[in-house]
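Colleague: What follows is a predicted protein model with its sequence.
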Amino acid sequence: MTKLMFACVAALALTACPHKSSNDSAAALSKMTEFKDKMCGCKTPACATDVTTEMTKWSQEMAKANGDKAPAMSPEETKKFTAIGEELAKCSADAAKVAVPEAPPTPVAPEPTGSGTGSGSGSAGSATK
């Protein structure tokens, strides 16, 4: 799951990042950081899905605006995008884990004790007059 999410994030980052200038790359880095921060704030799978949907919509808009061209990023920018993507993917995987409440312990019947009858039926109350 984490590897898949990382691949998606990396693909989104690489196709969505404007490549017209370093200012555009900085804006894209900023937006990806915003998505990472939102994802890392998620505590439920529904929240993670909402952030992913928002990120996908943004990336599609950026790809459309930039003609689906891959950006020319510096090695430093690539390293930053990779780090952001890895952290975002980790947070997504953490949010996707559904907390399952622990089942209460199963009650265990006490072992019979006594004179070896084991059935618990004794002569109590069976006295005759």
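Modeller: Yep, it's here. Numbers count the residues shown, from 1 in each chain.
Colleague: just the helices in the chain please.
Modeller: 2-16, 22-40, 45-65, 75-96 (DSSP state H).
Colleague: So residue 59 versus residue 112, what's the distance?
Modeller: In this view, residue 59 and residue 112 are 68 Å apart by CB to CB, to the nearest Å. From N, CA and C alone the C-beta is placed, and that goes for glycine too.
Colleague: Comparing the two, which residue is more hemmed in?
Modeller: residue 59 (23 against 10; other CB atoms under 10 Å).
Colleague: how about the nearest residue to residue 31, chain neighbours excluded?
Modeller: Spatial nearest neighbour of residue 31, chain neighbours left out: residue 58 (6.6 Å); criterion: CB to CB, 6 or more residues apart in numbering.
Colleague: Give me the distance between the one you found and residue 75.
Modeller: Distance from residue 58 to residue 75, by CB to CB: 24 Å.
Colleague: The two - which one has more neighbours?
Modeller: residue 58 (17 against 7).
Colleague: Show the average pLDDT along stretch 64-84.
Modeller: For stretch 64-84, mean pLDDT is 82.
Colleague: no, scratch that, I was asking about stretch 109-128
Modeller: 60.
Colleague: again with stretch 90-106
Modeller: 75.
Colleague: Can you get me a residue count around residue 57?
Modeller: 10.
Colleague: again, but for the one 10 residues further on
Modeller: By other CB under 10 Å, 7 other residues sit near residue 67.
Colleague: Repeat that for residue 49.
Modeller: Neighbour number of residue 49 under other CB under 10 Å is 14.
Colleague: do you know how far it is from residue 39?
Modeller: Residue 49 is 10 Å from residue 39, by CB to CB.
Colleague: With residue 97 instead?
Modeller: 13 Å.
Colleague: Kindly report the same for residue 85.
Modeller: Here residue 85 is placed at a distance of 11 Å from residue 39 (CB to CB).
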